[in-house]
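> My questions concern the predicted model and sequence given below.
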Amino acid sequence: MRHDRPPYLRARQYFYEILESHSQSTRLGVFVNRVIVLFIILSIGITVLESVPRFRDDYGDLFRTLEFVCLVFFSIEYYIRIWIAPEHVPYREISALRAGWAYMISAQGIVDCLAVMPLWVAMLGFDDLRVLIILRILRVLKFARYSSGMRSLLEVLEAERRALLACLVILGCATLVSATAMHIVEGNVQPDKFGTIPDAMWWAIVTLTTIGYGDVVPATGFGRMIASVTIVVGLIMIALPVGIVANAFSEVIHRRDFIVNWSMVARVPLFSHLTAGDIAHIMQLLQARQIERGDVIFRRGEPATAMYFIAEGDVEIELGPEDRGRQIRLGAGHFFGEIAVLKRAERSATVKAVSRARLLVLDGADLRSLISREPEIARKISEIVEGRTGRNLNLEIADLDGQDVTLEKID
């Protein structure tokens, strides 16, 4: 944060970092995000339960109180986001007023506005319950800001909009052709259902989407033939957009993981000198491992079989008696466990997850194989250990000494 700015602007930047730029990288930012998600879930839950007459009669006052609290919370959040809009990179070259307006008419701004709209609607006297329910349930759209999965899906829909639009056009054409054919064949037999093309289009769209309610069915042989062809075409029509979205979604997820993993491996001091091809090779050797909070990754005295990179979450290292049982906490971007692997020694510390964590695991045999190909890695390990222990070490792996935990932070 720049300290040469006026207090008002420093405060605005501070709130921007909490809500936007550092929302997933600082404890306060993560806490605030989780509180917002909690209020979203609470408000949606209230709306759902309030639709049950028994719950509404028994807990109506409580529901109204909680809804008011949610409205106040969302209103404060909305006004703060308008206030911090000038800190967004695209808006930094325009005035604060224009930046606030640009945020308000953006997709996220509209969703945030919908979250507080029930308060304004009620204040204006439009207390139609159906309108309020619709506005309140639309708060579910706020999850798009806090869910990486929803953001990925929206990114896919945006990227594949032309292909999906083409599928929609093809579906429309198939609907029109099928409805016209059915009108010609069945119009006189079932005039109430196929007497006009618009009437027949209901049957066509239901059949093409493979729903098939069964409320409208052909009665003639030619009609059944047309229905059979329509059903087969419908299977193809459903498979097209599903395949497009599924394939694009998978690519987005893999690309995101690839970027994260590449960036992490490339910044590890042990591998900083490697070429792009070498880093790509290392990435193929890595295996992802999900660790739940409180799980022990390895214990002191166990044989060392792998080194670990922290992709997400935090771990705590409990050192042995020789280090007075000191505890060290490492977060995303750190790595640990490589020295004991290279020495083929037992672990000198116990490591457990203090939050849900995602680790990238590099097998000990693969690490030793890399060192045999890249002796520079052994030299760097020696430098790390020497910097930690103050001992001048040889480059031979068997001679390495020191703790099996690296404390270097990856910037």
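That came in fine, so what should we check first? Numbers count the residues shown, from 1 in each chain.
> And the helix ranked longest in the chain, what does it pack against?
With secondary structure taken from DSSP state H, the chain has its longest helix at helix 221-267. Counting contacts by 3 or more C-beta pairs under 8 Å, 6 or more residues apart in numbering; DSSP states H and E, helix 221-267 packs against helix 148-159, helix 161-186, helix 197-208, helix 276-285, strand 306-312, strand 357-363. Yep, even glycine has a C-beta here, placed from its N, CA and C like the rest.
> now the second one, how far from the chain's geometric center?
Distance, stretch centre to chain centre, for helix 161-186: 35 Å (C-alpha atoms, centre = their mean, to the nearest Å).
> what's the following helix or strand after that helix?
helix 191-194 (DSSP states H and E).
> From the contact counts, what lies against that next one?
Using 3+ C-beta pairs under 8 Å, 6+ apart: helix 191-194 touches helix 161-186, helix 197-208.
> what does the average pLDDT come to for the longest helix of the chain?
Per-residue pLDDT over helix 221-267 has a mean of 80.
> From one end of stretch 293-312 to the other, what's the distance?
12 Å (C-alpha to C-alpha, to the nearest Å).
> Which pLDDT value goes with the closest residue to residue 141 other than its chain neighbours?
In this structure, residue 141 finds its nearest non-sequential neighbour in residue 111, 4.5 Å apart by C-beta to C-beta, 6 or more residues apart in numbering. pLDDT, residue 111: 83.
> can you pull the buried residues of the one helix or strand residue 111 maps to?
Element membership for residue 111 (DSSP H and E) is helix 107-123. For helix 107-123, the neighbour count (16 or more other C-beta atoms under 10 Å) marks 109, 111-112, 114-119, 122 as buried.
> What backbone torsions are found at the residue lying farthest from the centre of the chain?
Ranked by distance from the centre of the chain (C-alpha atoms, centre = their mean), the top residue is residue 188, with 54.4 Å. When read as degrees, to the nearest 10, the backbone of residue 188 gives phi -80, psi -30.
> so how far is residue 353 from it?
Per C-beta to C-beta, to the nearest Å, residue 188 is found 72 Å from residue 353.
> Return the mean pLDDT over stretch 178-186, rounded to an integer.
For stretch 178-186, the per-residue pLDDT averages 93.
> Show residues contacting it.
Applying C-beta atoms under 8 Å, 6 or more residues apart in numbering, the contact partners of stretch 178-186 are 193-201, 203-204, 207-208, 218-220, 222-223, 226-227, 229-230, 233.
> Return the most buried member of the helices and strands packed on helix 191-194.
Mean neighbour count (mean count of other C-beta atoms under 10 Å) peaks for helix 197-208 among these, with a mean of 20.
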